[in-house]
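K.L.:
3D model of this:
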Amino acid sequence: MKRNHLLATFCTAVMLTVGLGPMVSAHAADQGRGRGRGQVQSHDRFDDHDRQEANSWYQSHQRALPRGLRDNDRFAPDVEVRIQDGFVLDTRMRRQVYAVPSGLLRLLGPAPRGERYVMINGHILLIDRGYRVIDVIHFGHGR
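P.N.:
From the prediction side, this is the model:
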């Protein structure tokens, strides 16, 4: 009787492993990358995948860009050049920071703890709590 129970348990385990193996592997790959439906892992800078996804999103939303990415939301060129890693947004600039749309957030995955994604001056920024720029994705104006 004990042998039959062990055999049944073994067979069930094998069937579950064989049947769910590909799904578990795909899910694990998504988890490790921080992409897909199971986004849990963040990363501390934008990578090539983020830039590609953001640029695709930007191109597909050209007809109705949200605040922060529109042409009339742009700063003067002398301010534009300062928006780079390490720059701290001043008080005036902080008032012109906008939330990143949820569809784009899903493509980027979660920001690291204590940091967030924002849109300003036609860019997507990863900033810390002190408004220091960690990384930038520049859109469509010479950068």
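
K.L.:
domain assignment for this structure?
P.N.:
Here the domain parsing of the chain from automatic domain parsing is 1-41, 44-143.

K.L.:
least reliable of these by average pLDDT, please.
P.N.:
Per-stretch mean pLDDT for these is lowest at domain 1-41 (a mean of 47).

K.L.:
what ranges do the strands span in this protein?
P.N.:
98-99, 115-120, 123-128, 133-138 (DSSP state E).

K.L.:
ok, and what's touching the second one?
P.N.:
Right, the one you point to is strand 115-120. With contact meaning CB atoms under 8 Å, 6 or more residues apart in numbering, strand 115-120 is reached by 44, 66-69, 73, 83, 89, 93, 96-100, 105, 108, 111, 124-129, 134. Every C-beta, even on glycine, is put in place using the N, C-alpha and C of the backbone.

K.L.:
6 Å instead, please
P.N.:
68, 69, 96, 97, 98, 100, 111, 125, 126, 127, 128 (CB atoms under 6 Å, 6 or more residues apart in numbering).

K.L.:
do stretch 64-77 as well
P.N.:
In contact with stretch 64-77 (CB under 6 Å, 6+ apart) are residues 98, 101, 119, 120, 121, 122.

K.L.:
ChimeraX command for the buried members of those?
P.N.:
In ChimeraX, this line selects whichever of those come out buried by 16 or more other CB atoms under 10 Å:
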select :101,119,120,121,122
